[in-house]
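Q: Quick check, what structure comes out for this input:
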Amino acid sequence: MSEEKNAKELWKPRQWTTLKGENSWTMFKVISEFVDGFERLNKIGPCVSIFGSARTKAEHPYYQLAVDVAKRLTDEGYGIITGGGPGIMEAGNKGAFLNNATSVGLNIDLPFEQFNNQYIDNDKVLNYNYFFIRKVMFVKYAQAFVVMPGGFGTLDELFEVLTLIQTNKVSKVPVILMGTKYWAGLKDWIVNTMLEKENNISSKDLDLMPITDDIEEVVKIINDYYEQTERLKPNYEL
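A: Numbering: from 1, shown residues only. Next comes the predicted model:
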C-alpha cells in the first residue's frame, strides 16, 4: 500500500496558479459590487431594512403585517430596503410602493426562491453575487431594522446586525422583531440557555431585540431613538 500524499503534493502547482488568478478576478468583482452599491445608495435618504421569509404567501397574515408596517414607516419619512425578492420582501416593498415612497431591493443571485418583485423603484434594484456585500448594504444604509418571521437567511441577517451592535461596530440602532408567537421560542432559548444557563451573553443584550405585534410600537421605538440621538446617517463608516 502506497504512502498517503500530503496536502502540498496533492495541491499541484498548476492548480495553485489557476486559483491565484481566479482570486484576483474575484477581488475586482467584489470591489465592483461595493462601488456600485455605494454610488447608488448614497442618495436614498433614511431607510428601514425589513427582513423576512421569501416563502411567505400574499394571503398570510405576516405578509399583510409587513405591508402595513412598511407603509406606516413611510408615513414617517423613511424609505424601505428589502432583499428584493418574494414573500415578506415583496410585502415590504409593496408597502413603500403604495405610499409612493423610496423602495429598494437588494437582490441576491440564487438558484431558487429569489427574483425581483414588482414593487421596487426601477433605479433602486441592485443585484449581488455575494451575500457579505449585500449584508453590508443592508446595514450601512438602514436607520433601523424590522425583522419579520423567516428562515435561516432571516436569522443570519438578524444575528449579524445584533453582533455588530453588541461589539460596537455600528451604532445601537433599533432592531425590532415582529410576530410575538413566532419569536417566543427563540427568545426563551436565548434567555434560558444562552443567558442563564451558559452565560454566553449579558442581560443588557436582551434589550437589543424588542418583540411586538404592534405597528405603532415599532414606529414609536424608531422615532424615540432618533429624537434622542438626532442622528440620521449611514451606519457603517466604510
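Q: mind checking how far residue 83 is from residue 168?
A: The spacing between residue 83 and residue 168, counted by Cβ to Cβ, to the nearest Å, is 26 Å. Bear in mind the C-beta positions are built from the backbone N, C-alpha and C, glycine included.
Q: and what of residue 101?
A: Here the distance between residue 101 and residue 168 works out to 31 Å (Cβ to Cβ).
Q: And residue 148, by the same measure?
A: Distance from residue 148 to residue 168, counting by Cβ to Cβ: 26 Å.
Q: Tell me which of those two has more neighbours.
A: Summary of the neighbour comparison: residue 148 and residue 168, criterion other Cβ atoms under 10 Å, with residue 148 having more neighbours (27 against 8).
Q: That one contacts residue 90, doesn't it?
A: No: under the criterion of Cβ atoms under 8 Å, residue 148 is not in contact with residue 90, lying 11.6 Å apart.
Q: For residue 177, give the beta-bridge partners.
A: Note on residue 177: beta-bridge partners by DSSP bridges are residue 147, residue 211.
Q: And residue 82, by the same measure?
A: Beta-bridge partners of residue 82, counted by DSSP bridges, are residue 105.
Q: Where does the prediction get shaky in the chain?
A: Per-residue confidence of the chain (counting by pLDDT under 70) places the weak regions at 1-22, 111-114, 230-238.
Q: mind listing the helices for it?
A: Using DSSP state H, the helices assigned to the chain run over residues 7-10, 13-41, 61-75, 88-98, 131-140, 152-166, 180-189, 215-229.
Q: winner for burial among these?
A: Per-residue neighbour counts averaged over each of these give the maximum for helix 88-98, namely a mean of 27 (mean count of other Cβ atoms under 10 Å).
Q: now the angle between helix 152-166 and it, please.
A: Using axes from the mean of the first three to the mean of the last three Cα atoms, to 10 degrees, the direction of helix 88-98 lies 70 degrees away from that of helix 152-166.
Q: so how far is helix 88-98 off the chain centroid?
A: With Cα atoms, centre = their mean, to the nearest Å as the basis, helix 88-98 stands 15 Å off its chain's centre.
Q: Need the residues that contact that helix.
A: Contacts to helix 88-98, defined as Cβ atoms under 8 Å, 6 or more residues apart in numbering, come from residues 50-54, 56, 58, 62-74, 79-80, 82-84, 102-105, 117-120, 146, 148-150.
Q: try 7 Å this time
A: 50, 52-54, 56, 62-63, 66-71, 74, 79-80, 82-83, 102-103, 105, 117, 119-120, 148, 150 (Cβ atoms under 7 Å, 6 or more residues apart in numbering).
Q: now swap in stretch 201-218 and tell me
A: Stretch 201-218 is contacted from outside by 68-69, 72, 146, 162, 165-166, 175-180, 183, 187, 191, 194-195, 221, using Cβ under 7 Å, 6+ apart.
Q: Also stretch 151-165?
A: 51-53, 135, 138-139, 145, 147, 170, 172, 175, 208-209.
Q: The closest residue to residue 36 other than its chain neighbours bridge partners, please.
A: Taking Cβ to Cβ, 6 or more residues apart in numbering, and ignoring the residues beside it in sequence, residue 36 has residue 126 as its nearest neighbour in space, at 7.0 Å. The bridge-partner assignment for residue 126, based on DSSP bridges, gives residue 106.
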